[in-house]
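K.L.:
Turn this into a structure:
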Amino acid sequence: MDGDGTSTQAPLWLLSDDGNEADLDPDLAAVRRYLLAADPDGRRMAAAVRRSIDMLLDGQHTGRYRWDQLYKTEKAHLGTLIEINLQREFGFADGRDMDYSIVGTDVDCKYSQTLGAWMIPPEALGHLLLVVWASDERSSWSAGLVRALPERLNNGGNRDAKKTLNAAGRQAVTWLFDRAPLQENMLLRLSEPDIDAIFSHKSGQRRVDELFLRAHGRRVSRTVVATVAMQEDYMKRVRYNGGSRSRLQPRGIVILGHYSSHGRIAEALGLPVPGPGESVSARLAEARPEHGAAPRVELDGREWVLAGPADPEQAVPKLPEI
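P.N.:
I've put the predicted structure just below:
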């Protein structure tokens, strides 16, 4: 605890286990140290996983945003995309026999949609594995290291003689990040009526307008905008000068972006602060006595609060983009 009584303990997914496995396997320990030094909080790995899922969905060209919208053959390629994007992100050298060489050790990358169900080929026997799991539905991912030893594998295998980790093998995984947060695909959080309303429009601009009308207070990524707009110039559909920022302005909707001034507005109103490439929409109302002590922000010399259902729509000032 700090002096003010607040906890300084790291999130559970950051509590990497030094455990006996790393003590007994110097190569695993060295790879683990390297990866955690390169990515202490897991943001780089998380970004590579998110990028891989988004590449597979290809929402900008297909409008798809759910795993069950993919073809079976496409789903089988997510592991390859994660392997490629991790190598690009970290600049791993090619391994001699496995996917990567990390601090001189061959490491094979394995992804499974089911935690613990990684398929291990005969050629990986004895080698280190970087095992990855991710769930877009749960906005969560994991990555760990384990050596594929015979006593850690189930006896049965598939037609390619690939085997899965048994209970002892799963227990032997040294986690780098365990069920860490994955950038949210907020389309998965909207109700079916909201999704139907958004995609009912033929115009990409109107779909983006509908998105920001229905996703108040949520971080909307560039990928989500691209999926909804399904156009090459998708971010133009958000901006002023004809995009949703100006089109929704008369209805009291502000769309905050990754600007310092917008971050201050979000903090003042208790909204999520947009990160790089993110937008957050909200409907505002000019502050009146009945709003009491509600959080407020000054725009064009007037005070504004988050609008409630009883507040009428009113035009909101143009936001500074600084």
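
K.L.:
Kindly spell out which helices and strands sit in contact with the helix ranked longest in the chain.
P.N.:
In the chain, with assignment by DSSP state H, the single longest helix is helix 43-57. Other helices and strands packing on helix 43-57, by 3 or more CB pairs under 8 Å, 6 or more residues apart in numbering; DSSP states H and E, are helix 78-90, strand 128-135, strand 140-147, strand 174-181. Yep, even glycine has a C-beta here, placed from its N, CA and C like the rest.

K.L.:
Now do the buried residues in that helix.
P.N.:
For helix 43-57, burial by neighbour count (16 or more other CB atoms under 10 Å) applies to Met45, Ala46, Ala48, Val49, Arg50, Arg51, Ser52, Ile53, Asp54, Met55, Leu56, Leu57.

K.L.:
so who does the last one touch?
P.N.:
Read that as Leu57. Residues near Leu57 by CB atoms under 8 Å, 6 or more residues apart in numbering: Arg64, Tyr65, Arg66, Gln69, Leu70, Thr227.

K.L.:
Could you dump the residues you listed into TSV and include pLDDT, neighbour count and secondary structure?
P.N.:
Converted to TSV, the contacts of Leu57 look like this (pLDDT from 0 to 100; neighbours: other CB atoms under 10 Å; DSSP: H, G, I helix; E, B strand; the rest coil):
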residue	pLDDT	neighbour count	secondary structure
Arg64	97	17	coil
Tyr65	97	21	coil
Arg66	97	13	coil
Gln69	97	12	helix
Leu70	97	18	coil
Thr227	98	26	helix
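
K.L.:
And the furthest pair within these?
P.N.:
Leu70 and Thr227 (13.5 Å; CB to CB).

K.L.:
tell me, what's touching these two both at once?
P.N.:
By CB under 8 Å, 6+ apart, the residues touching both Leu70 and Thr227 are Leu57, Arg64.

K.L.:
now the most centrally placed residue in the chain: how far from His258?
P.N.:
In the chain, the residue lying closest to the centroid (CA atoms, centre = their mean) is Gln183, at 1.9 Å. According to CB to CB, to the nearest Å, Gln183 stands 14 Å off from His258.

K.L.:
Check Gly91 too.
P.N.:
Applying CB to CB to Gly91 and His258 gives a distance of 26 Å.

K.L.:
So which of those two has more stuff around it?
P.N.:
Per other CB atoms under 10 Å, whichever of Gly91 and His258 has more neighbours is His258, with 14 against 8.

K.L.:
so what's the more buried one up against?
P.N.:
Pro274, Gly275, Pro276, Gly277, Glu278.

K.L.:
for Lys110, same thing?
P.N.:
Residues near Lys110 by CB under 8 Å, 6+ apart: Gly79, Trp118, Met119, Ile120, Ala124, Leu129, Leu130, Val131, Val132.

K.L.:
how far away is the first one from Val49?
P.N.:
Applying CB to CB, one obtains 11 Å for the distance of Gly79 from Val49.

K.L.:
which stretches of this protein form helices?
P.N.:
So, for the chain - with DSSP H - the helices run 20-24, 26-38, 43-57, 59-62, 72-75, 78-90, 167-171, 192-199, 204-214, 222-229, 244-247, 260-269.

K.L.:
do you know which of these lies nearest Pro320?
P.N.:
helix 260-269 (4.8 Å).

K.L.:
which of the buried residues of helix 43-57 lies closest to Leu190?
P.N.:
Leu57 (15.8 Å).

K.L.:
Show me where the protein dips below the pLDDT cut-off.
P.N.:
Applying pLDDT under 70 to the chain flags residues 1-23, 157-158.

K.L.:
thinking again about what came up before, for the helices and strands packed on helix 43-57, give me CSV that also has mean neighbour count.
P.N.:
Below are the helices and strands packed on helix 43-57 laid out as CSV (neighbours: other CB atoms under 10 Å):
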stretch, mean neighbour count
helix 78-90, 18
strand 128-135, 24
strand 140-147, 23
strand 174-181, 20
